[in-house]
Structures are given as structure tokens and as C-alpha cells.
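1. what follows is a protein structure lacking sequence information:
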């Protein structure tokens, strides 16, 4: 158990430290990299409590896909420059109260959640749940997710689909004058369509347009 | 406390026993790649250093080791140094879950296939970080290309893996191999094997999809500013990744360590040799593709990934699931 505790403290220390570094570090790309480190350590913590499926899905979805896009956007937009300009301009003073308000609301929500958990620790005790050690985590999640919660599962899938279609529609703009490659047209071209052999009479030439 | 030390020593021994052969075979595989490439083009390839030129990679490694490491003045130093280390590490940790035999695996975990998928999806970070930290145009362009390419092809690899999982009924790599005892998955899922192979080419930035380092347009892509041992680490990481993808392909489709037929001369050969044969077979295919096929254009690459491979593999998931359900062949029933 000693090593387990040691690892737990190491991972939590790295997680908290990198979470702080996300907000503190000046370079935005460094912030995103610390965020990625945070995700990875959190998934290590998931694996340590035996939720290996959640940990791996966290790695694949958040680190493998979402954070890549974050990094992409931050690198392309040169956010650091914009942030510096924004803080020195008058415009920023209008937005700061809103930000403070939102952070106060989030803080109170967190206190409520933590307080509720503190005062009602026995709502669902982990020991009261039936545990079947023969089946793996993945099987047990699947057997609940696709039976009892199938409608919620499909609903969340539909919401994601709608969000995806919306994002594509918002960013799509039709450009005119584009030449598109058509594989079918290219492959189905025959010699007879494109090449014609002609006898050219001397000093008269041929009318190629006709 | 003594127990813990014992466990640590035992695990370290196992890891070394796995990693040293992997690293040596990476060096050998570079030689094999160049020989196959030369063979297709009727050249001789590296044949001077050692018997058949076998020590060429070692000579190259020695050369890289003695070269100066140049860090550009405007580079972001920490990330610049971190990038090749991450590439190399990620290429090596994936080997932990590869089963070489029934009881011949370092970490036999329940979600082995997800672990491999996660490791291969993380490997894009080495490239992005290297490209960004170089603070130079060509590496940055190469890194962005590579990120887009790897994220796109991961999607189709994920869907293909779902096909295999439907047939095997487990996320454990060992169980996936054992599920192929009667029939390798390449037979019912042949179209998926083809798509997996092509996606693996794109995922490991191999020709014809080596656009991140397209030397005709981008000098050397994300590796442009790297020199000496750091360049060599990118290079080794790339080849270790290719081998890992070959291993994944042979476990998912070619029956892992299983012999093709369970009769005398075949089942006499030890398990891990079969897996190595299969990895080598896939790798030689990789090398042949490099020698034969010209490079793709970037929009063609994206079109292939999103408009052809993704719909095809999704349709195949529906087909596989319906077939298994209709004929009551679902594993676990």
C-alpha cells in the first residue's frame, strides 16, 4: 500500500502543479502543454483507482484529439500577442467585471458540491454497490450504458451531431471559380475524346476551333 | 520494502529484456528498409559496413552521436529538447502491452488495445512540439500538416479497431489473438485490413503520405532544425512507431503469435518467432510501398481519409455487427 500512496501523492502533486501552471505561465503554448500534462496525470489517477477504461478514454479523447486542436488554435492565432494588446487597451476594463462575476459563481458552485459531498458521504457508499470481480470495467460500463441509459446515450450523441453540423454550417462558405478534381472524369477519359489526328494541307492549315 | 525492491528489479529486467531487442531491431529495420528500397530500384543499397552492410545503422548512429547538437537561437529551448525525447519514449512504451506469446508480455492489461491507440494518438505531440519550438517556417508547416494528417487517420483506425473488437469481444490483446485461433481476422475483415494498412502508413508519416517532411516542399518538415543525436532520436522513434504499427496489425488481423496451421513443422517454431515473422512481413510491405508509390497531394490525402476510409469503415462496422447479431455469433453469447 505504501508505494500506491506514494504514487498517488506524486500524481496529485503533478496534477495540481500543472493546473496552476496552466493559468500562471505567460506563454500560451506552455499553458496548453501544461493542460495536456494535467490530463495525462488525471488519467494516471483514474488508472490507479482501477478505472482503466475511463483513464484510457480520457487519454484518447482529451489528449489525443481535443488538446491537439487547442494547441493548433493557440499556435496559429498567436494568442500571446493579442492578450498583451488586450490588457493594455480600454476595451478590457469592460470585460473584467463579467469575468469576476463568472469566477465567483463557479467558486460558489464548487463550494456547494464539496460541501454536499462532505455532509452526505453515505448517499451512495461504494461498498454498498454490488461488485462483480469477474467482469472487466469495460463490460460493466457497456452493460449499463447500452441498456438502462440507452436513451440518454443516444440523446447525447444526437446533441454532439447537431453541434458538429452547426459548426460546419457556420464556417462553411461557398467559393466560386474553384476547379475541382473529379477522379471519375479523369479515369473515364478515352483517347478518342481528347485526341484527333488530322491531315494538314500545306500552306492552308486547319481550323482547330471548328 | 524488500518485496517492492524485488518487484522493481524483476520489472526492470523484463523491460530491459524487451526494449534492448526492440532498439536493436529498429537499427536493423532501417537497414532492411533501405535494402528493400534499393532492391526494387535495382540498386545495391548499403552493403559496405559489415556483412551485407548490416552494421550500416550502427555506423550511422555513431556518426550522429559525434555530431554537434545545434539549437537555434530563437528556438524555445526546453520544448525543442523535449520533442525528440517524447517521440522516442512514446514509440517505446507502446511495446509494453504487445503479447509475444501466451505468457510472454510485460503488462497484460484489460484495455491493451485502448492503451496502444492512446499511445499512437499521443505520438503527434512530439512532432507538433518540435515543429513549433523550432520557431521557423518549414518546421511549423510540417508540424501542422502532420497534426491534421494524424488526427484524421486516427479516426478511421479507431473505427477499424471497433470492427476487430466486435469479432473478438475483448479489449485485451491476448484475448484478441486467442479469438483468432480458428480463423485469422484478415479473412472476414479483409477490406478493413487494407484500410488499416493504408491508415497505418499515414499515421506513421511513411511514404506515400510523408507530407510532414516532404523534402521537395518543406526541406525536411519538422526535423529541419534538428541535428546530431536529437535528429537520430526522431528517426529512431519514427521507425519504432512503424514497427509498433506492424505489430498492432499482425495482432489485430494476422493472428499475433499463432501459427497459420497447427501441424508439426509450424507449431514447432516458438510463438514469438511467428509474431516477428508477421511484423517483418508487414514491414517489408511498408518498405515496398515506399519504393513503388509516388507521394500524395495534401488535399487528396485528406479526401482519402475523411471521404473514403471513414464512411467505408463505418459501413463495415454496421455490416459486421448485423452479421454477428443475425447469426448469433457475438462473442460472449
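-> On my side now, so go ahead. Predicted model only: the values in this text are computed from it and were never measured. Numbers count the residues shown, from 1 in each chain, chains lettered A, B, ... in the order given.
2. in the chain, where is pLDDT below threshold?
-> Picked chain A for this. Applying pLDDT under 70 to chain A picks out residues A:78-93, A:117-132, A:210.
3. the chain in question should be chain B.
-> Checking chain B against pLDDT under 70 turns up B:214-216, B:332-333.
4. how about it: which residue is closest to chain A?
-> Per Cβ to the nearest Cβ, residue B:121 is where chain B lies closest to chain A, at 3.0 Å. Backbone N, C-alpha and C define where each C-beta goes, glycine included.
5. residue numbers of chain A in contact with chain B?
-> Within chain A, the positions lying close to chain B (Cβ under 8 Å from any Cβ of the partner chain) are A:2-3, A:27, A:29-30, A:33, A:36, A:52-53, A:56-57, A:59-60, A:63-65, A:68-69, A:71-72, A:75-76, A:136-138, A:181.
6. among the residues you listed, which are in helices?
-> A:2-3, A:29-30, A:33, A:36, A:52-53, A:56-57, A:68-69, A:71-72, A:75-76, A:137-138 (DSSP state H).
7. so what's residue A:71 up against?
-> Neighbouring residues of residue A:71 by Cβ atoms under 8 Å, 6 or more residues apart in numbering or on different chains: A:29, A:32-33, A:36, B:128, B:147.
8. mind jotting down where the helices sit in chain A?
-> A:2-24, A:28-48, A:52-58, A:67-77, A:79-88, A:91-119, A:137-145, A:150-171, A:183-187, A:191-194.
9. which other helices and strands contact the third one?
-> Contacting helix A:52-58 under the criterion 3 or more Cβ pairs under 8 Å, 6 or more residues apart in numbering or on different chains; DSSP states H and E are the following elements: helix A:28-48, helix A:137-145, helix B:112-122.
10. residues in contact with the first one: which ones?
-> For helix A:28-48, the external contacting residues (Cβ under 8 Å, 6+ apart) are A:4, A:7-8, A:11-12, A:14-15, A:18-19, A:21-23, A:25, A:52, A:54-56, A:58-59, A:62-63, A:67, A:70-71, A:74-75, A:79-80, A:83, B:76, B:79, B:125, B:129, B:132.
11. and the angle from that helix to helix A:2-24?
-> If you take axes from the mean of the first three to the mean of the last three Cα atoms, to 10 degrees, helix A:28-48 sits at 160 degrees to helix A:2-24.
12. again with the shortest one
-> With the same axes, to 10 degrees as the basis, helix A:137-145 and helix A:2-24 are set at 60 degrees to each other.
13. centre of the chain to helix A:137-145, how far?
-> Offset of helix A:137-145 from its chain centre (Cα atoms, centre = their mean, to the nearest Å): 23 Å.
14. now the last one
-> Taking Cα atoms, centre = their mean, one finds helix B:112-122 lying 11 Å from the centre of the chain it belongs to.
15. what's the answer for the longest one, then?
-> Between the mean C-alpha point of helix A:28-48 and the mean C-alpha point of its chain there is a distance of 13 Å (Cα atoms, centre = their mean).
16. what does stretch B:258-270 give?
-> With Cα atoms, centre = their mean, you get 26 Å for stretch B:258-270.
17. state which helix of chain B is the longest.
-> Ranking each helix of chain B by length (DSSP H) puts helix B:2-40 first.
18. give me the angle between that one and helix A:2-24.
-> Using the same axes, to 10 degrees: helix B:2-40 against helix A:2-24 is 60 degrees.
19. can you pull the buried residues of helix B:2-40?
-> Neighbour-count burial for helix B:2-40 flags B:15, B:18-19, B:22, B:25-38 (criterion: 16 or more other Cβ atoms under 10 Å in any protein chain shown).
20. sorry, back to before: out of the helices and strands packed on helix A:52-58, which is closest to residue B:275?
-> Among the helices and strands packed on helix A:52-58, helix B:112-122 comes nearest to residue B:275, with 14.5 Å by Cβ to Cβ.
21. name the residue of chain A that lies nearest to chain B.
-> Counting by Cβ to the nearest Cβ, chain A gets nearest chain B through residue A:64, at 3.0 Å.
22. contacts only, for that residue.
-> So residue A:64 contacts B:118, B:121-122, B:124, B:151, B:154 (Cβ under 8 Å, 6+ apart).
23. out of the residues you listed, which are buried?
-> B:118, B:121-122, B:124, B:151, B:154.
24. hang on, the earlier thing: name the stretch among the helices and strands packed on helix A:52-58 that sits most buried.
-> Comparing the helices and strands packed on helix A:52-58 by mean neighbour count (mean count of other Cβ atoms under 10 Å in any protein chain shown), helix B:112-122 ranks first with a mean of 24.
25. what about the residue sitting nearest the centre point of chain A, distance to residue B:319?
-> The residue lying closest to the centre of chain A (Cα atoms, centre = their mean) is residue A:66, at 2.1 Å. Distance of residue A:66 to residue B:319, computed by Cβ to Cβ, to the nearest Å: 30 Å.
26. try residue B:2
-> Taken as Cβ to Cβ, the span from residue B:2 to residue B:319 is 56 Å.
27. who touches residue A:55 in this structure?
-> A:43-47.
28. need those residues in a markdown table (columns: distance to residue A:168).
-> As requested, these are exported to a markdown table (distance: Cβ to Cβ, whole Å):
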| residue | distance to residue A:168 |
| --- | --- |
| A:43 | 30 |
| A:44 | 35 |
| A:45 | 35 |
| A:46 | 32 |
| A:47 | 35 |
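29. ok, so of those residues, who is nearest residue B:177?
-> Closest to residue B:177, out of all of these and judged by Cβ to Cβ, is residue A:47, at 23.1 Å.
30. now residue 14: closest residue in space that isn't a chain neighbour?
-> Answering for chain A, as no chain was given. residue A:41 (4.7 Å; Cβ to Cβ, 6 or more residues apart in numbering or on different chains).
31. was after chain B, sorry
-> Nearest one to residue B:14, counting by Cβ to Cβ, 6+ apart, is residue B:106 at 5.2 Å.
32. could you look up the SS state of that neighbour?
-> Per DSSP: H, G, I helix; E, B strand; the rest coil, the local secondary structure of residue B:106 is coil.
33. so what's the residue count around it?
-> Neighbour count for residue B:106, taken as other Cβ atoms under 10 Å in any protein chain shown: 17.
34. show the contacting residues for it.
-> B:11, B:14-15, B:18, B:95-97.
35. export the residues you listed as JSON lines, with columns for distance to residue B:196.
-> Shown next, in JSON lines, are the contacts of residue B:106 (distance: Cβ to Cβ, whole Å):
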{"residue": "B:11", "distance to residue B:196": "31"}
{"residue": "B:14", "distance to residue B:196": "29"}
{"residue": "B:15", "distance to residue B:196": "28"}
{"residue": "B:18", "distance to residue B:196": "24"}
{"residue": "B:95", "distance to residue B:196": "19"}
{"residue": "B:96", "distance to residue B:196": "21"}
{"residue": "B:97", "distance to residue B:196": "18"}
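36. which single one of those is nearest to residue B:170?
-> residue B:97 (13.2 Å).
37. I'd like to know how far that closest one sits from residue B:75.
-> Distance, residue B:97 to residue B:75, by Cβ to Cβ: 35 Å.
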